[in-house]
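Engineer: Let's see this in three dimensions:
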Amino acid sequence: MSKIIQISVSPDRKDDIEFHHQLILQQLDDLDGKVHSIKILKRSIDARKRQVKYILSYNVFFNLSEIDSPYAPNYLDVKNAKNTVHIIGCGPAGLFAALTCLKRGVKPILFERGKDVRLRRRDIASLNKLGVVNPESNYCFGEGGAGTYSDGKLYTRSKKRGNVLEVLQLLVHHGAPEDILVDAHPHIGTNKLPLIIQNITQTIIDHGGEVHFNSKFTDLTIQENAIRSVMINDNKSIKVKALVIATGHSARDVFHLLNKKEIKMIFKPFALGVRVEHKQSLIDQIQYKQQVRSEFLPPSSYSLVYNNGERSVYSFCMCPGGIIAPCATQNNEVVTNGWSPSKRNNPFANSGVVVEVKWEDLTKYHSYGPLAGMMFQQEIEQKSFDLGGGNQKVPAQRMVDFLNDKISSSLEQTSYQPGLKSINLNNLFPDFISRTLHEGFQYFNRKMSGFITNKAILHATESRTSSPVRIPRNEQLEHPDVFGLYPCGEGAGYAGGIVSAAIDGAKCIYAYSESNKID
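Structural biologist: The predicted structure is shown next:
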């Protein structure tokens with residue numbers, strides 16, 4: 001027998017386990033003394049009232065037999081396995097597809113266009129300091145994919161799509177802090193993610209899988225409606241029977257290749273806008289209703305959405321105590337994203353604020369068919385590069401100046417390293433985006449009084465929120481027209497973040513196993 005008990009405590013008692021147990025036992029009165037053990041299940045912050053509280057859920061066990069056993073994945077040695085799956089991309093979808101292969105006795109062979117984490121760091125340092133983009137090794141491409149440098153936000157609404165807890169347990173198994181198992185909005189931190197990703201890669205190799213870096217997917221062969229081979233680096237042809245394409249939302253060359261091969265894709269609505277940076281102290285004051293944040297509270301975040309009846313504008317990938325990063329994958333474009341270290345201790349808070357983009361908005365691009373959204377993204381990113389003046393300088397504007405359609409005479413210092421160029425962002429975006437951003441900021445300010453301030457800086461462009469393309473698949477998760485081709489993760493349009501991408505990678509391998517009757 002077990003029972004779930006919920007308690008609330010002040011922030012300074014968050015880690016006082018003995019006090020928590022006293023509160024739990026008070027709720028159990030008649031069972032006092034019969035409790036075998038107590039395990040925390042969930043921890044969240046309730047900041048709705050002036051007195052901020054932590055809400056804690058505990059599972060109380062009354063006998064030994066009901067206590068959960070420590071999580072330990074059962075991986076098989078697949079070095080000589082007869083069934084092989086080739087996986088393109090070493091992001092969360094590709095890596096978790098490979099881990100699932102180890103459970104099913106299937107040998108995964110992964111190809112990643114970018115470098116391993118250690119070498120990738122040098123290219124990212126060059127991008128930040130010099131504004132030089134390596135098209136194959138950057139914030140989006142390389143070991144761990146974009147997930148490695150998205151700071152490890154693990155909150156997901158995809159709970160019906162798969163086993164979220166198992167993804168978190170696997171991350172803990174590979175070195176993530178155990179707090180991610182209980183926090184309502186779990187987070188690892190960009191500084192800790194590389195080692196976890198390296199550990200996952202090593203697990204794959206240690207159990208007989210293969211991981212190949214600097215190995216770009218450049219072509220594929222289809223015969224009799226089935227995948228037959230892939231080309232790596234334009235010079236190495238490899239026979240395949242099952243191919244998982246998990247290349248992420250920024251591998252535009254892959255979308256062009258599939259379109260050229262007449263492999264069916266469809267336009268997928270996405271969102272585009274700016275990355276907004278405030279002082280973290282201001283967001284703390286607004287959210288916690290305190291002049292100075294308590295040392296027992298983490299830097300605060302926000303999640304905002306507004307719909308004007310035509311389209312939505314919403315906050316995306318909010319990074320408390322974070323940094324805005326240059327995430328372009330080509331030298332002639334500017335793309336922003338945000339990340340936080342594990343302590344979230346930088347003085348700034350940033351978030352994407354993005355507007356829905358629909359098929360009917362893109363009449364000018366309809367001739368590109370399913371790639372219409374991608375071409376629109378690319379045009380805005382290239383325009384941002386030109387307006388920013390090159391070297392990854394980002395077009396920027398103060399928030400009040402943006403709302404007043406006025407170029408900023410000066411700009412606050414921000415966390416974006418390559419530098420800022422003051423422009424009127426209303427001239428960068430089409431009217432439907434600028435107008436909706438104006439409405440959204442006004443609404444957000446009604447929800448969070450003080451959100452609108454001329455000390456908040458808008459950075460353009462936040463454009464890689466999700467894939468602008470969906471690669472269709474059937475009930476067996478294969479492409480409906482190509483046997484053995486498994487579109488997967490964010491790039492294929494089936495995920496939106498680390499956890500949902502990991503879940504989708506695992507699902508594709510389970511589907512492959514069932515279709516091929518692999519026990």
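Engineer: switch to C-alpha atoms for all contacts and neighbour counts from now on
Structural biologist: Fine.
Engineer: Neighbours of Ile40, how many?
Structural biologist: Other residues near Ile40 come to 18 when the count uses other C-alpha atoms under 10 Å.
Engineer: Just the CA atoms of the helix or strand harbouring Leu458, as CSV, please.
Structural biologist: Leu458 belongs to strand 457-462 when assigned by DSSP states H and E. The C-alpha coordinates for strand 457-462 follow below in CSV (Å, rounded to 0.1, in the frame of the first residue of the first chain):
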residue,chain,number,x,y,z
ILE,A,457,15.9,44.7,-26.3
LEU,A,458,14.4,42.9,-29.3
HIS,A,459,16.9,40.8,-31.3
ALA,A,460,16.0,39.5,-34.8
THR,A,461,15.4,36.9,-35.9
GLU,A,462,13.9,34.0,-33.9
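Engineer: Give me the contact list for stretch 172-181.
Structural biologist: If you take C-alpha atoms under 8 Å, 6 or more residues apart in numbering as the criterion, stretch 172-181 is touched by 41-42, 71-72, 154, 165, 168-169, 186-188, 192-193, 195-197, 199-200.
Engineer: coming back round to it: can you name every helix or strand that the strand holding Leu458 contacts?
Structural biologist: Where contact means 3 or more C-alpha pairs under 8 Å, 6 or more residues apart in numbering; DSSP states H and E, strand 457-462 is packed against strand 270-279, strand 336-339, strand 348-357, helix 372-388, strand 394-398.
Engineer: Strands of the stretch 201-350 of the chain, start to end?
Structural biologist: Along the stretch 201-350 of the chain, counting by DSSP state E, counting those that start in this stretch, strands occupy 210-212, 217-223, 226-232, 236-239, 243-245, 266-267, 270-279, 305-307, 312-319, 323-326, 336-339, 348-357.
Engineer: who wins for proximity to Gln417 among these?
Structural biologist: Gln417 lies closest, by C-alpha to C-alpha, to one member of the strands of the stretch 201-350 of the chain: strand 323-326, at 7.5 Å.
Engineer: Show me what that closest one is packed up against.
Structural biologist: If contacts are counted by 3+ C-alpha pairs under 8 Å, 6+ apart, strand 323-326 sits against helix 117-130, strand 336-339, strand 348-357.
Engineer: What about Gln392, how many residues nearby?
Structural biologist: 31.
Engineer: before we move on, back to that, nearest approach to Pro395 belongs to which of the helices and strands packed on strand 323-326?
Structural biologist: Set against Pro395 and scored by C-alpha to C-alpha, the helices and strands packed on strand 323-326 come closest in strand 336-339, at 10.5 Å.
Engineer: what sits against the spatially closest residue to Tyr494 that is not a sequence neighbour?
Structural biologist: If the residues on either side of it in the chain are set aside, Tyr494 comes closest to Cys488, at 6.7 Å by C-alpha to C-alpha, 6 or more residues apart in numbering. Listed by C-alpha under 8 Å, 6+ apart, the contact set of Cys488 reads 93, 244-246, 494, 501, 504-505, 508.
Engineer: Output the helices and strands packed on strand 323-326 as CSV; include the columns mean pLDDT and distance to Ser408.
Structural biologist: Formatted as CSV, the helices and strands packed on strand 323-326 follow (pLDDT from 0 to 100; distance: least, C-alpha to C-alpha, whole Å):
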stretch, mean pLDDT, distance to Ser408
helix 117-130, 95, 24
strand 336-339, 96, 20
strand 348-357, 98, 19
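Engineer: Adding distance to Leu428, write these out as JSON lines.
Structural biologist: Formatted as JSON lines, the helices and strands packed on strand 323-326 follow (distance: least, C-alpha to C-alpha, whole Å):
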{"stretch": "helix 117-130", "distance to Leu428": "23"}
{"stretch": "strand 336-339", "distance to Leu428": "15"}
{"stretch": "strand 348-357", "distance to Leu428": "14"}
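Engineer: for those, which one sits closest to Glu262?
Structural biologist: Nearest to Glu262, of the helices and strands packed on strand 323-326 and by C-alpha to C-alpha, is strand 348-357 at 24.7 Å.
Engineer: So what are the sheet partners of the closest one and their directions?
Structural biologist: Partner strands for strand 348-357, per DSSP bridges, with pairing direction: strand 270-279 (antiparallel), strand 312-319 (antiparallel).
Engineer: Lys3 is in contact with Leu41, isn't it?
Structural biologist: No: Lys3 lies out of contact with Leu41 (C-alpha atoms under 8 Å); the separation is 11.5 Å.
Engineer: anything in contact with each of these two?
Structural biologist: Residues touching both Lys3 and Leu41 by C-alpha under 8 Å, 6+ apart: Asn59.
Engineer: picking up where we left off before, single out the most deeply packed of the helices and strands packed on strand 457-462.
Structural biologist: Neighbour counts (mean count of other C-alpha atoms under 10 Å) averaged over each of these peak at strand 394-398, with a mean of 29.
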